[in-house]
Structure formats: C-alpha cells, structure tokens
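have a look; sequence and predicted model below, questions after that.
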Amino acid sequence: MHSIAITFPSLVLIRSSVAAVWLYEGLWCKVLGRMPSQVDVVSAVPRFGRRLGLPFLRALGVVEVGLAVWVLSGGAPGACAIIQAGLLILLNVNGLLWARNLIHDPAGMIVKNAAFLLLVWVCGAMPGGRL
C-alpha cells in the first residue's frame, strides 16, 4: 500500500472556512431572514415567542457576523475559539431543550456542529496570529 502525502491546509483557508459558516448563519439565515425555520426555533423558547424571537434572532445574527470578522482578523485566536464553542454549545442545547420537535434532524445537527467545533478549535490552536 502506498502512502499519499497531502499538505495541511493554510491558516487563511481554515479561518475563511470557519468565518464562512458564521457569515452564512448570521447574515444570510438570521439578519436577512432567509431561514424562516430559525425564527420558529427561537420563538419556541419560553418568554420569547414571536414578539421577542425575531429581534433576538437578528441580534444573534449580528453577533455571528462579528464572530466571522473576528475569526478572519486572527486576533486572540484561542479566546475566539472558546467564545465560538461556548455560543454554539449554548445554542444547540437550548434548541434541543425548547424546540427539538422543530429541528428537522437533531442528531445531524449535533454531528455537523461537532465537526465544525473541531475546525474552530484547530483554527484557534494554530500558531500564526494575524494574517
């Protein structure tokens, strides 16, 4: 059996991949409202409802866009990874607690987000600082 060597992706590619996820989720899905099911999920949280669900979702989208910018900037990558992990875990736990029946594939969501968190962690742990 032959071994095929591949190179590790560049730091800019890893950061761009992580930032693209936050930008898609924040800007496209939440700020621009292109994923209406996310409003339903947030509105299912007690005391939120539709009245607070949509403004909260838009504010969360702005935070996620900010995370994309932070990831791309390369500033404090370890802290950035910890904040991303904390937010993603918090969002997933609350989604499963309050709106599990509205999430079309809860197990798939967990698997995909676990893989994304690994990429976030690699991005935060790689030396290189600002690009």
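Thanks, I have the structure now.

what about residue 87, how many neighbours?
Residue 87 is flanked by 15 other residues according to other Cβ atoms under 10 Å. Using the backbone N, CA and C atoms, a C-beta is placed for each residue, glycine as well.

what helix or strand does it sit in?
Applying DSSP states H and E as the criterion places residue 87 in helix 77-99.

okay, now the unreliable bits of this protein?
1, 129-131 (pLDDT under 70).

isn't residue 43 up against residue 53?
Yes. Assessed by Cβ atoms under 8 Å, residue 43 is found in contact with residue 53 at 3.5 Å.

how about the helix holding residue 87, which residues are buried there?
Going by neighbour count (16 or more other Cβ atoms under 10 Å), the buried part of helix 77-99 is 77, 80, 81, 83, 84, 85, 88, 91, 92, 95, 98, 99.

so can I have a markdown table of these showing distance to residue 9?
Shown next, in a markdown table, are the buried residues of helix 77-99 (distance: Cβ to Cβ, whole Å):
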| residue | distance to residue 9 |
| --- | --- |
| 77 | 15 |
| 80 | 18 |
| 81 | 16 |
| 83 | 22 |
| 84 | 18 |
| 85 | 20 |
| 88 | 21 |
| 91 | 26 |
| 92 | 25 |
| 95 | 30 |
| 98 | 36 |
| 99 | 34 |
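
of these, which is the nearest to residue 65?
If you rank these by distance to residue 65 using Cβ to Cβ, residue 84 comes first, at 13.0 Å.

returning to what we had before: tilt between whichever helix or strand comes after the helix holding residue 87 and helix 77-99?
Remark: after helix 77-99, the chain's next helix or strand is helix 106-125, criterion DSSP H and E. Angular relation of helix 106-125 and helix 77-99 on a 0 to 180 degree scale: 170 degrees, by axes from the mean of the first three to the mean of the last three Cα atoms, to 10 degrees.
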